[in-house]
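1. structure of the sequence below:
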Amino acid sequence: MIQRKPIRARSSLLIVAAFLCMPFSTATAGENGQNALVDSVYWLLGGIKGTPISGRVVDAKSGEPIEGVSVLAHWDKVGWHGVVDERLAIVEALTDTEGNYTLPGWGPQLSWVSSTTLMEFPVIYFFKVGYNPLAVGEKSVVIHGKREISRMALSSSWQGKTIPLTPMGDDLAEYAKEVLSFVGAMSFVLYEKSGDCYWKYYPKTISSYMYARNYLKEKGIVYLTTDYDKLPCASGD
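-> Purely as a prediction, here's the structure:
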């Protein structure tokens, strides 16, 4: 008679693999993230995820809500000297009529965390034509020993906060230079995705800069030279 060898270890690996291959979506799983069992599996294997971030954008002078502000956030895992080892996630949103926005959560996903890893909390960019662009960020946190943050619930200190945007000044040339510098700082959004159809990955953000380019061009300012609207897939098709 042939004796069967224990298959418990192999079965455990198959169960873990099955969980990792499951399609995850914050839309179907809800805003509270993935279920506890899946989170536990990812946590044990070096998983990480981000929670949704909500806030409100208002005019710094009048205090009135600003509709149509593009909001984009990115999470990076960086190593020594600030070199980006991994881009964990990039998400975007637009403010509604009350100036409110919600950046969706993301993950879980596998991302190894070691004692020398720096977790860069989200940098969040706000922009709308007629207002000075604004970027807000967090302090980096070194994860070592007893973790100072939860890898399975990366959040932001800007959650629930009101963000004031300052109306642009009268000097359109200076304003255009500021917008151009802001776009340059976000070049990872424009160039990380390959091909001309990168538009579809960040339509809210890119369309806001396309509108800014056209607005300034009508005023005789041509600092923003990229014709996003002439790229293939620019219509989102």
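2. which parts of the protein are strands?
-> For the chain, the strands defined by DSSP state E cover 47-50, 53-59, 70-78, 84-94, 100-103, 106-110, 118-127, 134-136, 141-142, 162-165.
3. between those strands, which gets nearest to residue 173?
-> strand 118-127 (18.2 Å; CB to CB). C-beta here means a position set from N, CA and C on the backbone, and glycine is covered the same way.
4. okay if I get the strands of the chain as TSV plus distance to residue 176?
-> Below are the strands of the chain laid out as TSV (distance: least, CB to CB, whole Å):
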stretch	distance to residue 176
strand 47-50	33
strand 53-59	21
strand 70-78	17
strand 84-94	23
strand 100-103	25
strand 106-110	33
strand 118-127	13
strand 134-136	17
strand 141-142	36
strand 162-165	17
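5. which of those strands comes out lowest on mean pLDDT?
-> When these are compared on mean pLDDT, strand 141-142 scores lowest, with a mean of 54.
6. so the longest helix along the chain versus strand 70-78, what angle?
-> Ranked by residue count, the top helix of the chain under DSSP state H comes out as helix 203-218. With axes from the mean of the first three to the mean of the last three CA atoms, to 10 degrees applied, the angle from helix 203-218 to strand 70-78 works out at 120 degrees.
7. buried stuff in helix 203-218?
-> By 16 or more other CB atoms under 10 Å, the buried positions in helix 203-218 come out as 203, 205, 206, 207, 208, 209, 210, 211, 212, 213, 215, 216.
8. stretch 161-179 now?
-> Of all the residues in stretch 161-179, those buried under the rule 16+ other CB under 10 Å are 163, 165, 168, 175, 176, 178, 179.
9. for the first one, which non-adjacent residue is spatially closest?
-> Right, residue 163. Leaving aside its chain neighbours, residue 163 sits nearest to residue 57 (4.8 Å; criterion: CB to CB, 6 or more residues apart in numbering).
10. now the buried residues of helix 203-218 as JSON lines including pLDDT and distance to residue 91?
-> Shown next, in JSON lines, are these (pLDDT from 0 to 100; distance: CB to CB, whole Å):
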{"residue": "203", "pLDDT": "85", "distance to residue 91": "13"}
{"residue": "205", "pLDDT": "88", "distance to residue 91": "10"}
{"residue": "206", "pLDDT": "84", "distance to residue 91": "14"}
{"residue": "207", "pLDDT": "85", "distance to residue 91": "16"}
{"residue": "208", "pLDDT": "90", "distance to residue 91": "15"}
{"residue": "209", "pLDDT": "85", "distance to residue 91": "17"}
{"residue": "210", "pLDDT": "84", "distance to residue 91": "20"}
{"residue": "211", "pLDDT": "88", "distance to residue 91": "20"}
{"residue": "212", "pLDDT": "88", "distance to residue 91": "21"}
{"residue": "213", "pLDDT": "84", "distance to residue 91": "23"}
{"residue": "215", "pLDDT": "89", "distance to residue 91": "26"}
{"residue": "216", "pLDDT": "87", "distance to residue 91": "27"}
